[in-house]
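Participant: Pasting the sequence and the predicted coordinates here, then a few questions.
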Amino acid sequence: MAVSWSTANQRLDRAARLLNQTGPISVSGPLHAGVDLGTADVVLMVLDEFGEPVAAFLQWAEVVRDGVVVDFIGAIDIVRELLDQAQKRLGRSLTKAATSFPPGTDARLSTNILEGAGLEVSLVRDEPSCVASLLELDQAAVVDVGGGTTGTAVVQKGRVVFSDDEPSGGRHLSLAIAGHFGVSFAEAERRKRRPERYGIMELVTPTLQRISDIVAGHIQGRQVKKVILTGGTCCLPGIDRVFARELQIPVQLPSQPLLLTPLAIASLPLA
Ligand SMILES: Nc1ncnc2c1ncn2[C@@H]1O[C@H](COP(=O)(O)OP(=O)(O)OP(=O)(O)O)[C@@H](O)[C@H]1O
Ligand SMILES: [Mg+2]
């Protein structure tokens, strides 16, 4: 079942509060699990029968690069570990999960990993289609600014009718930050998460403008009345204003951009 923007944000905030919380809880009724395999991180989210998050585990990892799994065994190990944590928290076994893949890539990259981790794949859809289904989107674009890439997907009546991507994302912002301060990539990643302290927005705005110019090209000539931002890079405060200014289209920023796709994947069986 599709949810309103405010319900989605409440669920995202709830998922953020329980992120990596191992404390045991008891949940009755069916559970719905979803696995998001990203280039920067892997997330397992579990919802109760009403679609409310009850467990969420995230691990930073480099198992996928530009949509391609570079460490298949590593990815399976991470999914197993996240699954184990979720099962311990819930005191129940999870046998199936939904998953997704970036548009234009092979779904089997994701489904093979889930199966390798001993899970039955309940549903598999491309990432923006999951978001479109959760939010019942129409005449909209889902713009996913992730780690290595930025994906644009144009959605009409819940269906992705066009998608393209641009090979820049959060990594490129970190490289710009590392270059500016003369620090390592890891230190740049840390500073990026303290944007006010380090004047990060000022530093990365030119890169974000370049990314939104490319997104503008993807959207041009298509029926797009609003843009939904998703992906970890959209945690940067004020990123929605940069996109709104460049695109001249209303932009919606979810409360927890890093968790929107995982929530949408886990919600697939409830659609
Ligand atoms: N609080 C934050 N502030 C700014 N950037 C952040 C924050 N948290 C995560 N990121 C960035 O988000 C990116 C990861 O986002 P996400 O998890 O959406 O990517 P992914 O799905 O793994 O990658 P891709 O979409 O490229 O496949 C990384 O570049 C990371 O540095
Ligand atoms: Mg992603």
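Facilitator: Perfect, I can see it now. Numbering: from 1, shown residues only. Ligands and ions are numbered 1, 2, ... in the order given.
Participant: Going by C-alpha atoms from here, please, whenever you check contacts or count neighbours.
Facilitator: Fine.
Participant: Where do the strands of the stretch 151-271 of the chain begin and end?
Facilitator: For the stretch 151-271 of the chain, the strands defined by DSSP state E, counting those that start in this stretch occupy 159-166, 226-230, 251-252.
Participant: And those strands: which comes nearest Val143?
Facilitator: Closest to Val143 of the strands of the stretch 151-271 of the chain, according to Cα to Cα: strand 226-230, at 5.0 Å.
Participant: Show me what the closest one is in contact with.
Facilitator: 139-146, 240, 249-254, 257-258, 260-261 (Cα atoms under 8 Å, 6 or more residues apart in numbering).
Participant: cool, stretch 238-250 as well?
Facilitator: Stretch 238-250 has contacts (Cα under 8 Å, 6+ apart) with 201, 205, 208-209, 212-213, 216, 225-227, 229, 234, 251-253.
Participant: Could I have the buried ones of those as ChimeraX selection syntax?
Facilitator: Selection of buried members from the contacts of stretch 238-250 for ChimeraX, criterion 16 or more other Cα atoms under 10 Å:
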select :201,208,209,212,216,226,227,229,234,251,252,253
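Participant: how about the contacts of stretch 238-250, which pair is most distant?
Facilitator: Spatially, the most separated pair among these is Met201 and Lys225, at 26.0 Å (Cα to Cα).
Participant: if we can go back for a sec, quick check on the contacts of strand 226-230: which are buried?
Facilitator: Buried members of these, scored by 16+ other Cα under 10 Å, are 139-146, 240, 250-254, 257-258, 260-261.
Participant: show me which of those residues neighbour ligand 1.
Facilitator: Filtering the buried ones among the contacts of strand 226-230 for proximity to ligand 1 by Cα under 6 Å from any ligand atom leaves 146, 258.
Participant: Confirm that Ser28 sits in a helix.
Facilitator: No. Using DSSP: H, G, I helix; E, B strand; the rest coil, the assignment for Ser28 is coil, not a helix.
Participant: what residues are up against it?
Facilitator: Applying Cα under 8 Å, 6+ apart, the residues near Ser28 are Asp48.
Participant: How much space separates it from Trp60?
Facilitator: Going from Ser28 to Trp60 by Cα to Cα, to the nearest Å gives 30 Å.
Participant: Over to Leu137?
Facilitator: 29 Å.
Participant: These two: which has the busier surroundings?
Facilitator: Taking other Cα atoms under 10 Å, Leu137 and Trp60 do not tie; Leu137 has more neighbours (22 against 12).
Participant: Over to the more buried one. Which of the three states is it?
Facilitator: Judged by three-state DSSP, the three-state class of Leu137 is coil.
Participant: Find me the pLDDT at it, would you?
Facilitator: Listed pLDDT for Leu137 reads 97.
Participant: Name the nearest residue to it, sequence neighbours excluded.
Facilitator: Gly158 (5.1 Å; Cα to Cα, 6 or more residues apart in numbering).
Participant: Check that neighbour and give its pLDDT.
Facilitator: For Gly158, pLDDT reads 92.
Participant: follow-up on the earlier one: in TSV, list the strands of the stretch 151-271 of the chain along with distance to Ala107.
Facilitator: Output for those, formatted as TSV (distance: least, Cα to Cα, whole Å):
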stretch	distance to Ala107
strand 159-166	15
strand 226-230	20
strand 251-252	28
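Participant: mean pLDDT for those: which is lowest?
Facilitator: Minimum mean pLDDT among the strands of the stretch 151-271 of the chain: strand 159-166, a mean of 93.
Participant: Can you point out the buried residues in it?
Facilitator: Quick answer for strand 159-166 (16+ other Cα under 10 Å): 159-160, 163-166.
Participant: how does this protein divide into domains?
Facilitator: Listed by automatic domain parsing, the domain ranges of the chain are 5-132, 136-257.
Participant: mean confidence for the first one?
Facilitator: Averaging pLDDT along domain 5-132 gives 93.
Participant: Start and end of that domain, how far apart?
Facilitator: With Cα to Cα applied, domain 5-132 spans 12 Å between its terminal residues.
Participant: Next to ligand 1 in this structure, residues from the stretch 51-200 of the chain, please.
Facilitator: 67, 146-149, 170-171, 189, 192-193.
Participant: and the residues you listed, which two are the farthest apart?
Facilitator: Gly67 and Arg193 (24.1 Å).
Participant: neighbour count winner among these two?
Facilitator: Neighbour count, other Cα under 10 Å: between Gly67 and Arg193, Gly67 has more, with 20 against 15.
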